[in-house]
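Visitor: Need coordinates for the following:
(2 chains)
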2 protein chains.
Amino acid sequence: MKSAVRDGRVIPESEARVPVSIREVFFNFSVYESVKVLKSVAVFLEDHIDRLLDSAGRLEIPHTWSAGQLYEFVYRLIKADSIDRATLRVQLIGGSSPMLFIFYTDLPAYPAEYYRRGVKVITYEGERVVPEVKSTSLLLNYVALREAERRGAFEALFVDRRGCTIEGTRTNVFALSGSTLITASSGVLAGVTRKHIIESAREIGLDVAYRCITLQDLYDGAFSEVFISSTSMGAMPVGRVDETRIFKQHQVTLRIHQLIRTLEKDYVNQA
Amino acid sequence: MKSAVRDGRVIPESEARVPVSIREVFFNFSVYESVKVLKSVAVFLEDHIDRLLDSAGRLEIPHTWSAGQLYEFVYRLIKADSIDRATLRVQLIGGSSPMLFIFYTDLPAYPAEYYRRGVKVITYEGERVVPEVKSTSLLLNYVALREAERRGAFEALFVDRRGCTIEGTRTNVFALSGSTLITASSGVLAGVTRKHIIESAREIGLDVAYRCITLQDLYDGAFSEVFISSTSMGAMPVGRVDETRIFKQHQVTLRIHQLIRTLEKDYVNQA
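Guide: Take a look at the predicted model:
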C-alpha cells in the first residue's frame, strides 16, 4: 500500500483526502511542486522548496512550515515507501488551517525517438492566471493539453495576448537564433530546469535573451532549434509546431539536455 | 450532523472528500452551481441544472447524469436535512470516474444598508479562463476578493485587457445610461440572476445593450447607476468604485431588485 505525508505525518495514500466544501479547496487556493526522485534522492529539492515557499509567499498563503521541515517531510515519504524513482508532488493548500500533502506517481519515461526527432506541439491561445506562481489553478492547462493529445501532439504552447509563445502546459519554451537562446522575459514560471538550462547555455557559449518568441517567428522559420523543458523531460526538442513548421536540427538542444542530465547525476551522486 | 450527497447517495458531510492525488481534482477539472434554497425550495433549480450541464458540455466532462437525476439528488439532500434556507453547491468533477457532490452552507444575509446606500467595489485587472463556464478554477477570484476585503470593499470587478469591466468575482455587472441598461456582451458567465435582470429591465421599459462597460466611463460618471448581481444578492447597488466615483442614485436598481425577489417568491409559492 502506498503512503503519503500529511502535515509531516506519514499516512496511507488512500487517506490523503480533502473536504470538497472547504473554501480554499473549492477555489484552488493552493501551490505545488513536482520533484524528481532518482536513486532515492529528491533532485534539486532545495530549489523546489524555495519555489514552493516563494509561491506561497506571493499568494500570501499563511503557514508555519520552514524549508528544513519540508525537506525532512519529503525524505520521510521516500524512506517510508523505499522510493527509488518517482515524481513526487508537494502541495500546500491555504486557509485558516493550511494543509500540506506529499504524494507520488511514476516518473514518466519518454521514448528515445522523442529526443532524436523532436516532439509535435500545438499552440493554444491563453495565459495562466498569476503566472509567476506554481498554483493548482490549472483548468486551462488541462484543457489545452487534452486538445494537444487529441491532435496527436505532445504538448500545447500558450500564446498570450501579444502573440508571444510564453510557456507550455507543463514546460518552459526556448528558441535558438544564431548563437542566442531566447526565452520569455516575464509572465512565466521560474522553472527549476529552466534555470539550469540558462546556466548550461551560457557554459557552451550561447547568449541568453529574455524576449518574446512570437508565433509568427516560429511559423516563419526564424529559429534553428526550438525546445521545451521540465523537470521530467530535461530539454525536449520540438520537431513540429501545429501543422506548419518542421525543425530537423536538434544538436544544441541535445547538448544542453546532456548537461542537464549530468547536473542531475552529479546532484544524486553528491547527496 | 450535516449531510451531503455523493453520486446521488446521501452521506455525512464529513465523508464528502476527494483524493488530492487525482488528476482532475489537482487540475480543478470541475464545474459547479450555487443554488438558493428558500422554504425548502431550490429556487430556479431547472436553470441551474441546465447551466451545470452546459458547463460540463463545454469542458467535455463525460458523465451520465441527466437533468432529472440532478433535480432529484438536490431534493434528496433538502429532505435528508430538512433544509429550510441555505446556499447549496452542486459540483461535478471530471475524470474517468466523474464525481458529483452536493453540499450546503448558510445563505448569506446582506444588511439593508447595502441596498440603501450601495456597496463599495474595487476594480482588479484580470480575466477568468474559459469565462463562459462556471468552473472551480477560481484562484484569481479568491485573490481579487481578498484584495477587495482588505480595502474595505464588498466585491472586486475584473477589468479585462480591453479595459472593460466585465464581471465581479461572484457577480455580473450592469450600468445604467439614460434608459439603457448595459452589460458585457461576451467573456462572462450567463448568470441565472443576470437573465432575470435583463427580463425585468425590459419589463420596466429599459433597453438592454450588450457592450463594454469601460473603466474610464465608470470613473468619468457616464452612468447614473451601477449594480452587481448574483443568486444570493439579487441586484445589489454599487455606491463607490475604487476611491473615485460615488453613485448616489439606486432607484432603478432597487426596482429591478424587487422584481427579482418577486420572481423568487413566485417560484417558491408555485413549487
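Visitor: Chain B contacts on the stretch 101-250 of chain A?
Guide: Residues of the stretch 101-250 of chain A lying close to chain B (Cβ under 8 Å from any Cβ of the partner chain) are A:101, A:103, A:105, A:126, A:128-130, A:135-143, A:146, A:161. Backbone N, C-alpha and C define where each C-beta goes, glycine included.
Visitor: and if we set it to 6 Å?
Guide: Within reach of chain B by Cβ under 6 Å from any Cβ of the partner chain, the stretch 101-250 of chain A has these residues: A:Phe101, A:Phe103, A:Val129, A:Ser135, A:Thr136, A:Ser137, A:Leu138, A:Leu139, A:Leu140, A:Tyr142, A:Arg161.
Visitor: What's the local residue count around the residue in the stretch 151-271 of chain A that chain B sits nearest to?
Guide: Across the stretch 151-271 of chain A, no residue is closer to chain B than A:Arg161, which sits at 5.4 Å (Cβ to the nearest Cβ). Residues lying near A:Arg161 (other Cβ atoms under 10 Å in any protein chain shown) number 13.
Visitor: quick one, domains of chain A?
Guide: Domain ranges of chain A: A:3-105, A:112-268, per automatic domain parsing.
Visitor: In TSV, list these along with distance to B:Tyr210 and mean pLDDT.
Guide: Below are those laid out as TSV (distance: least, Cβ to Cβ, whole Å; pLDDT from 0 to 100):
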stretch	distance to B:Tyr210	mean pLDDT
domain A:3-105	28	95
domain A:112-268	22	93
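Visitor: and these as JSON lines, adding distance to B:Lys248?
Guide: Formatted as JSON lines, those follow (distance: least, Cβ to Cβ, whole Å):
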{"stretch": "domain A:3-105", "distance to B:Lys248": "34"}
{"stretch": "domain A:112-268", "distance to B:Lys248": "35"}
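Visitor: quick one: which of those is nearest B:Arg150?
Guide: Closest to B:Arg150 of the domains of chain A is domain A:3-105 (Cβ to Cβ; 9.9 Å).
Visitor: Quick one: end-to-end distance for the closest one.
Guide: 11 Å (Cα to Cα, to the nearest Å).
Visitor: Of all residues in chain A, which one is nearest the centre?
Guide: The C-alpha lying nearest the average C-alpha coordinate of chain A belongs to A:Ser230 (Cα atoms, centre = their mean; 4.3 Å).
Visitor: Tell me who's in contact with that one.
Guide: Taking Cβ atoms under 6 Å, 6 or more residues apart in numbering or on different chains, we find A:Ser230 in contact with A:Arg170, A:Thr171, A:Thr193.
Visitor: What of A:Gln91?
Guide: Taking Cβ under 6 Å, 6+ apart as the definition, contacts of A:Gln91 comprise A:Ser30, A:Tyr32, A:Phe101.
Visitor: Show me the beta-bridge partners of it.
Guide: Beta-bridge pairing for A:Gln91 (DSSP bridges): A:Tyr32, A:Phe101.
Visitor: any idea how far the residue nearest to the centre of chain A lies from A:Thr244?
Guide: To A:Thr244, A:Ser230 is 23 Å away according to Cβ to Cβ, to the nearest Å.
Visitor: Surely A:Phe103 forms part of a helix?
Guide: No - membership of A:Phe103 in a helix is not supported by DSSP: H, G, I helix; E, B strand; the rest coil, which gives strand.
Visitor: so it touches B:Val25, yeah?
Guide: No - A:Phe103 is not in contact with B:Val25 according to Cβ atoms under 6 Å; the separation is 11.6 Å.
Visitor: Which positions are bridged to A:Ala86 in the beta structure?
Guide: Under the criterion used here (DSSP bridges), A:Ala86 is bridged to A:Val37.
Visitor: Which residue is the nearest non-sequential neighbour of A:Phe227?
Guide: Of all residues not flanking A:Phe227 in the chain, A:Thr253 sits nearest, at 4.3 Å (Cβ to Cβ, 6 or more residues apart in numbering or on different chains).
Visitor: What strand or helix carries the one you found?
Guide: Here A:Thr253 sits within helix A:251-270, counting by DSSP states H and E.
Visitor: same for that helix, what does it pack against?
Guide: With contacts defined as 3 or more Cβ pairs under 6 Å, 6 or more residues apart in numbering or on different chains; DSSP states H and E, the packing partners of helix A:251-270 are helix A:192-203, strand A:225-230, strand A:234-241.
Visitor: orientation of that helix relative to strand A:234-241 in degrees?
Guide: Orientation check (axes from the mean of the first three to the mean of the last three Cα atoms, to 10 degrees): helix A:251-270 against strand A:234-241 gives 160 degrees.
Visitor: ok now helix A:251-270, how far from the chain's centre?
Guide: 16 Å (Cα atoms, centre = their mean, to the nearest Å).
Visitor: residues making contact with that helix?
Guide: Helix A:251-270 is contacted from outside by A:38-39, A:41, A:43, A:176, A:196-197, A:200, A:225, A:227, A:234-235, A:237, using Cβ under 6 Å, 6+ apart.
Visitor: Buried subset of the residues of the stretch 101-250 of chain A next to chain B as a ChimeraX selection?
Guide: Selection of buried members from these for ChimeraX, criterion 16 or more other Cβ atoms under 10 Å in any protein chain shown:
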select /A:101,103,129,135,136,137,138,139,140,142
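Visitor: Need the contacts of A:Ser230 in TSV (columns: distance to B:Arg261 and neighbour count).
Guide: Shown next, in TSV, are the contacts of A:Ser230 (distance: Cβ to Cβ, whole Å; neighbours: other Cβ atoms under 10 Å in any protein chain shown):
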residue	distance to B:Arg261	neighbour count
A:Arg170	47	18
A:Thr171	51	26
A:Thr193	56	24
